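need a structure here:
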Amino acid sequence: MNTLCSLRFWGSAVAATLLLVTTGFSAWEKGQPLPELGSFALEGEIPELEGKVTYVDFWASWCVPCKASFPEIERLYQANKDAGFQVLAVSVDSSEKSMQKFVDRAKPSFAVVWDAKQSLVSDAGVEVMPTSFLVDAKGVIRAVHYGWRGAETAAKLESEIQALLEEAGQ
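Numbers count the residues shown, from 1 in each chain. The predicted structure is shown next:
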């Protein structure tokens, strides 16, 4: 069985499906511009995205694969931040206390925000934890990752980051 954490914001998978069908809601997809994140009332500081390759990572403190991903994401961030790469980790925890407890233990040096109202995660259509979006320096979503499969995901992500940094001339 895959190690993906299911995420149900609307109480059940059936209710979520009905909501998606009846509202015409669509998830963020590869090739689309990243929406303006400042309009989502996120708690915390959103870094300047223009001109940077950005990894937008939706996570939760209760998600085991999310916990496993943080050290690798930190490693990738440290290795590439001077070249124009950044990370925005978006917590979808229901309580700020749970999020903060995790952050205090993990001690990430990249940006972490809290989606307290679940507005950004809803707009992105995230159904699996973690889900991440790799955004190029022009603000276009270039890759979508569902779940975390350890070294396999880290290697693929590292390759994608390098390609986007080269493309951006950074």
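
Where does the spatially most central residue of the chain sit, in terms of helix or strand?
In the chain, the C-alpha nearest the mean C-alpha coordinate belongs to Asp57, at 1.5 Å (Cα atoms, centre = their mean). Here Asp57, judged by DSSP states H and E, is contained in strand 53-59.

Now do that strand: which elements does it pack against?
Contacts defined by 3 or more Cβ pairs under 8 Å, 6 or more residues apart in numbering; DSSP states H and E place strand 53-59 against helix 64-80, strand 85-91, strand 131-135, helix 151-167. In short, each C-beta sits where N, CA and C put it, glycine included.

how about the first one: buried residues?
Read it as helix 64-80. For helix 64-80, a neighbour-count test (16 or more other Cβ atoms under 10 Å) marks 65-67, 69-70, 72-74, 76-77, 80 as buried.

May I see the residues you listed arranged in JSON lines, with pLDDT and distance to Ile46 as well?
Supplementary listing: these in JSON lines, determined by pLDDT from 0 to 100; distance: Cβ to Cβ, whole Å:
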{"residue": "Pro65", "pLDDT": "96", "distance to Ile46": "24"}
{"residue": "Cys66", "pLDDT": "95", "distance to Ile46": "20"}
{"residue": "Lys67", "pLDDT": "95", "distance to Ile46": "23"}
{"residue": "Ser69", "pLDDT": "96", "distance to Ile46": "20"}
{"residue": "Phe70", "pLDDT": "96", "distance to Ile46": "19"}
{"residue": "Glu72", "pLDDT": "97", "distance to Ile46": "22"}
{"residue": "Ile73", "pLDDT": "97", "distance to Ile46": "17"}
{"residue": "Glu74", "pLDDT": "98", "distance to Ile46": "19"}
{"residue": "Leu76", "pLDDT": "97", "distance to Ile46": "19"}
{"residue": "Tyr77", "pLDDT": "98", "distance to Ile46": "16"}
{"residue": "Asn80", "pLDDT": "97", "distance to Ile46": "19"}
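
Nearest to Ala106 among those?
Nearest to Ala106 among the buried residues of helix 64-80, counting by Cβ to Cβ, is Phe70 at 4.7 Å.

Nearest to Gln118, out of the helices and strands packed on strand 53-59?
Nearest to Gln118, of all the helices and strands packed on strand 53-59, is strand 85-91, at 10.4 Å by Cβ to Cβ.

now the closest one, how far from the centre of its chain.
6 Å (Cα atoms, centre = their mean, to the nearest Å).
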